[in-house]
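Student: Structure for the following, please:
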Amino acid sequence: MQEQINAGLLGSIKAKQDFAAACSVELCRLVKTLVEAFRNGNKLLIFGNGGSAADAQHMAAEFVNRFLIDRRPLPAIALTTDSSILTSIGNDFSFNDIFIKQIQALGQAGDIALGISTSGNSPNVIKAIEQARAMGLTTAVLTGGSGGKLLPMADIGLNVPCFFTPHIQETHLWAEHLICQLVDETMFGASVR
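Tutor: Alright, predicted model coming up:
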C-alpha cells in the first residue's frame, strides 16, 4: 500500500506540473476574461457531469461566497444543482439537453460558459458549449487526456495532458482553486496565505 500511496502522489504531482507547463498562458487568459466579465456585470455559468458537476458547484460557491478573502459576491451559477430543472429536461427531452436549455435561459452575450469534462467528450457539455458560442458567450473548457471534441471548440481550452481520471480531476480542482484565487487577487488585492 505504501508504494501505491507514493505512486499516486507522484502521479498527481506530475499531472499538475504537466498542466501548468501546457496551460499557464491559457489559465491567465481565463482569469483576465473572468475579471473583465465580472467587472462588466456578466456572470459565469459552470457545468459538467459526476465529479465535474461537483467541481462546478464547488467553484460557484467559491465565487458567490468567498475563496480566501472577504469581498463582494461574484456572479457564478452551477448548472448542475437544480434537480427539478435537470430531471424535467432529462425526462421531457433528453439528458443531453440538461445544460443547453439552461444556457438558453440564463446565458447572455458577455457571460462565460465553463464546461468541465474529464474526457472532453460529454455530449451534454458539447451541446452547451456550441449553444453558448452561438449566443455570444465566451466559452472555456477544462478537459483531460487528448481534450476530446471539446478542447478545439472552446475560446479558452485548459487540458490536463494525462489519461488517468483521478489525476485529471485532482488537477481540475487545483486549477479551479487557482482561478478563484487569481480572480480575487486581481479584483480585490492580495489574499492571506
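Student: low-scoring pLDDT stretches of this protein, where are they?
Tutor: Counting by pLDDT under 70, the ranges of the chain that qualify are 191-193.
Student: Now do the buried residues in the longest helix seen in the chain.
Tutor: In the chain, with assignment by DSSP state H, the single longest helix is helix 2-39. Using 16 or more other CB atoms under 10 Å as the test for burial, helix 2-39 gives 12, 15-16, 18-19, 23, 26-27, 29-31, 33-35, 37-38. Yep, even glycine has a C-beta here, placed from its N, CA and C like the rest.
Student: and if you look at stretch 43-53?
Tutor: Neighbour counts over stretch 43-53 (16+ other CB under 10 Å) mark 43-49, 51-53 as buried.
Student: any idea how far Ser122 is from Gly48?
Tutor: To Ser122, Gly48 is 7 Å away according to CB to CB, to the nearest Å.
Student: and Leu68, which of the three is it?
Tutor: Put simply, Leu68 is coil when judged by DSSP: H, G, I helix; E, B strand; the rest coil.
Student: I figured it hits Gln181, correct?
Tutor: Yes - the pair Leu68 and Gln181 passes the contact test of CB atoms under 8 Å, sitting 6.2 Å apart.
Student: now Pro166: how far from Met135?
Tutor: Between Pro166 and Met135 the computed distance is 34 Å (CB to CB).
Student: which helices and strands does the longest helix of the chain pack with?
Tutor: With contacts defined as 3 or more CB pairs under 8 Å, 6 or more residues apart in numbering; DSSP states H and E, helix 2-39 has these neighbours: strand 44-48, strand 112-116, strand 138-144, strand 156-160, helix 165-188.
Student: Present those as TSV; the columns should include distance to Ile89.
Tutor: As requested, the helices and strands packed on helix 2-39 are arranged in TSV below (distance: least, CB to CB, whole Å):
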stretch	distance to Ile89
strand 44-48	12
strand 112-116	17
strand 138-144	20
strand 156-160	26
helix 165-188	25
